[in-house]
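J.: Take a look and give me a structure for this.
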Amino acid sequence: MKDKRIQSFVEEFKEKGNILVCDTIATIETIEKFLMSEGFYYEMKFEKGCTRFLKSDTPPY
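T.: Numbers count the residues shown, from 1 in each chain. Below you'll find the model as predicted:
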């Protein structure tokens, strides 16, 4: 079962197409796994110590 915090990040990503996560590496990796498992393509950008997930139309290589 998803952690409520992780679930809220994933839901926000679905709605807005991007999220900014300022959390631990473990949380970021967990969000990545859930986005991949739900079939979302995304890009990651680093901003001031945080990670931004941006929706993408291009599958990862």
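J.: Give the residue spans of the chain that score low on pLDDT.
T.: Across the chain, residues meeting the criterion (pLDDT under 70) sit at 1-2, 60-61.
J.: mind running it again at 80?
T.: 1-2, 59-61 (pLDDT under 80).
J.: where do the helices sit along it?
T.: Counting by DSSP state H, the chain has helices at residues 4-16, 25-37.
J.: Flag every buried residue along the last one.
T.: By neighbour count on 16 or more other Cβ atoms under 10 Å, the buried set for helix 25-37 is 27, 28, 30, 31, 32, 34, 35. The C-beta positions use only the backbone N, C-alpha and C, and glycine is treated the same way.
J.: Closest to residue 48 out of these?
T.: residue 28 (14.6 Å; Cβ to Cβ).
J.: List the contacts of the residue lying closest to the closest one once chain neighbours are set aside.
T.: Distances taken as Cβ to Cβ, 6 or more residues apart in numbering place residue 51 nearest to residue 28, at 5.2 Å, with adjacent residues excluded. By Cβ atoms under 8 Å, 6 or more residues apart in numbering, the contact set of residue 51 is 20, 21, 22, 28, 44, 45.
J.: Tell me if I'm right that the fourth one and residue 20 touch.
T.: No. With contact defined as Cβ atoms under 8 Å, residue 28 and residue 20 do not form a contacting pair (11.1 Å).
J.: I'd like the buried residues of helix 25-37 laid out as a markdown table, including distance to residue 9.
T.: Listed next are those as a markdown table, based on distance: Cβ to Cβ, whole Å:
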| residue | distance to residue 9 |
| --- | --- |
| 27 | 8 |
| 28 | 9 |
| 30 | 9 |
| 31 | 5 |
| 32 | 11 |
| 34 | 8 |
| 35 | 9 |
